Structures are given as structure tokens and as C-alpha cells.
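In: I'll drop the sequence and a predicted model, then ask my questions.
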Amino acid sequence: MPDPAPTRFQVALARVRVPLMWAAGAALLAGYAGLSWWAGWSLFAVALAVYLRLGTVRCAPRVLRPPVRGRWMALTSPVDAVPSQGAHAYGQTHALGLVAEDGTRPDIGWRPLSRPPEDFPAFGRPVYAPADGVVVAVHDRSRDHRSRNSWPWLLGSVLENTLRELRGPAGLLGNHVVIDVGGAYVLLGHLRKGSVGVRRGDRVAAGALIARCGNSGACTEPQLRMQLMDHRWPLVAAGLPFLWEAGWDGGSETAGLPETWRPFDVPAGQSGPEAGYPEADEVRRT
């Protein structure tokens, strides 16, 4: 039976994960100033292990609602791999990466090198609150860039994303909203610039319209990132497991999540077998 909450060790690793990587990078640079290269590379090896692999949280999952409606597909999912994004940093251990899949989504190829975000069906799609809660953080200033879904751009995105990380969480997550759902924090990322309709302190109901899907931050095409964290700041957060409630795909009788590369349909106007979504304007200013 899984633990009800992350262990102290897992939380401690999450708090130092990104700062430790920064310290390791500084130690390597200090090698040019006389610091032992052996010490620098040893620290870097430890930091890389913590950043990528150590400290996986496997506590009992929180049950939430899907933040989208209609036909979508998971590019990354904790159903198939944990950490689902390849790293634990920034609270993304159990993150979902979702793209709209209506049959018009451009596939990866050699040409064109990039496309405008409007070419993808996810761009501009509504994003809804997965639970009742209070908005504790909003970032809505990052631009929506062109796609990176060509083979040359995918190779170059490794360097690009490294440079993005120098800007902190917003460089990777793009425009995002963090909602305190009681004991945990939901982050919705890669949102469209200027589309966020809530602000810090707003109370939102599950199913309330939050923003629209965009192509901001470190993403190859317009998509939505959803992740659950133990802290409001992704920089020091531990990623927590979550599930979508029963009926998330119109037929499941138990809570679950989509597998990667398998399109699914979230029924419009419902979030479970018996309950409907609240109206999209259920946001209260405080």
C-alpha cells in the first residue's frame, strides 16, 4: 500500500534538486580557477542523479478532473514512464503532456523546419480547472513560439531548453497557472500568452475556464502540461502522482490516466459518470 504522502527524504531531495545542479555547474566552472576537477565532476554526478532519477514519489494518488474536453493524446504520461518527462526537476515527476488530436495535427518530419502555432489543433483550446481551489501563481508573459516538431529542430532543442532553464521555471513551463487544491498544487503549463483569465487569489471551481492552450516555454508544439506538486514553487517542488476521476474518457468506471500515443475523448459537458462541469465563469475574486 503506498504511503499517504511523500517521505521526508523525497521532499528533502526535491528542495535541493535544482540548487544542487546549479552548485555543480558552478563547481565545474570553478575548475578553471583552480578547484579540483575531481571534486567538480563528483558533485555534478551526484546532482545529475538527483535531478534525473533519485527521489521518485510514489504516494497515494490524488483524484482530479481532466483539464481538457474533446479528443486529445498524451505525448508523455506517468502511465508509461516515471519520471514521465525524463527528470524529476521542477515538480514534473508525474507530469502529463497533452496535445489535441483531431486528425489535422501535423506530424514530425524533415520539412518544414517549424510551423506557426495556429497550424496545430491544440492552440487556443480551452483549459479548465481540475479541482476546486485558489490560484496562487500566474505567469502570462511568455510568447508563443513556432513549433519544434522537425528532426533538425528536435536535435537543436536540447541546447535551446538548456538555455531556457537559465530563466528559471517560467523558461521551461512557459505561461502557467498554479492552483492550491488543498494539500497539493496543480500546475497547468504552456498556456497561450494573454489567455489566462484568473489572477492570484481567485477562487476557482472545478471545470472553470482558466486559460487556453498555447506554445510557450520548452515544448515542441502547442500542448498542455498538467502536474501535481507538494509546493507552489516548481523550483523546489516534489512531483506527486494523480489520476483523473472515473468517466474521464466517457467509459472508464475507475480513475485513471491516458497512455502515451493513444488518442482519447473527454466528453463535453461532463467530468464523471454522474456529475457535470460547472459553468466556465465560476471564478470568484478575493
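Out: Received it, and whenever you're ready, just let me know what you need.

In: Could you use CA atoms for every contact and neighbour count after this?
Out: OK.

In: Could you tell me how far the one helix or strand P19 maps to lies from the centre of the chain?
Out: Taking DSSP states H and E as the criterion, P19 maps to helix 8-30. Chain-centre distance of helix 8-30: 21 Å, with C-alpha atoms, centre = their mean, to the nearest Å.

In: Which strands or helices does that helix pack on?
Out: If you count contacts as 3 or more C-alpha pairs under 8 Å, 6 or more residues apart in numbering; DSSP states H and E, helix 8-30 packs onto helix 37-52.

In: Touching the helix or strand following the helix it packs on from outside, list them.
Out: Helices and strands here follow DSSP H and E; after helix 37-52, the next one along the chain is strand 62-64. Strand 62-64 is touched from outside by 130-131, 241-245, 255, with contacts defined as C-alpha atoms under 8 Å, 6 or more residues apart in numbering.

In: in the sheet, who's paired with G133?
Out: Using DSSP bridges, the bridge partners assigned to G133 are V204.

In: Strands of the stretch 101-250 of the chain, start to end?
Out: Taking DSSP state E, counting those that start in this stretch to define them, one finds strands in the stretch 101-250 of the chain at 126-128, 133-139, 175-180, 185-191, 203-204, 209-212, 224-229, 239-240, 242-244.

In: possible to save those strands as JSON lines with mean neighbour count and distance to W38?
Out: Listed next are those as JSON lines, based on neighbours: other C-alpha atoms under 10 Å; distance: least, C-alpha to C-alpha, whole Å:
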{"stretch": "strand 126-128", "mean neighbour count": "23", "distance to W38": "48"}
{"stretch": "strand 133-139", "mean neighbour count": "20", "distance to W38": "40"}
{"stretch": "strand 175-180", "mean neighbour count": "27", "distance to W38": "39"}
{"stretch": "strand 185-191", "mean neighbour count": "29", "distance to W38": "38"}
{"stretch": "strand 203-204", "mean neighbour count": "24", "distance to W38": "51"}
{"stretch": "strand 209-212", "mean neighbour count": "25", "distance to W38": "48"}
{"stretch": "strand 224-229", "mean neighbour count": "26", "distance to W38": "35"}
{"stretch": "strand 239-240", "mean neighbour count": "30", "distance to W38": "32"}
{"stretch": "strand 242-244", "mean neighbour count": "22", "distance to W38": "40"}
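
In: Tell me which of those strands lies nearest to E101.
Out: Closest approach to E101 among the strands of the stretch 101-250 of the chain (C-alpha to C-alpha): strand 224-229, 12.5 Å.

In: strands paired with that closest one, and their directions?
Out: Strand 224-229 pairs in its sheet with strand 96-100 (antiparallel), strand 185-191 (antiparallel), strand 239-240 (antiparallel), by DSSP bridges.

In: No further queries at this time; thank you.
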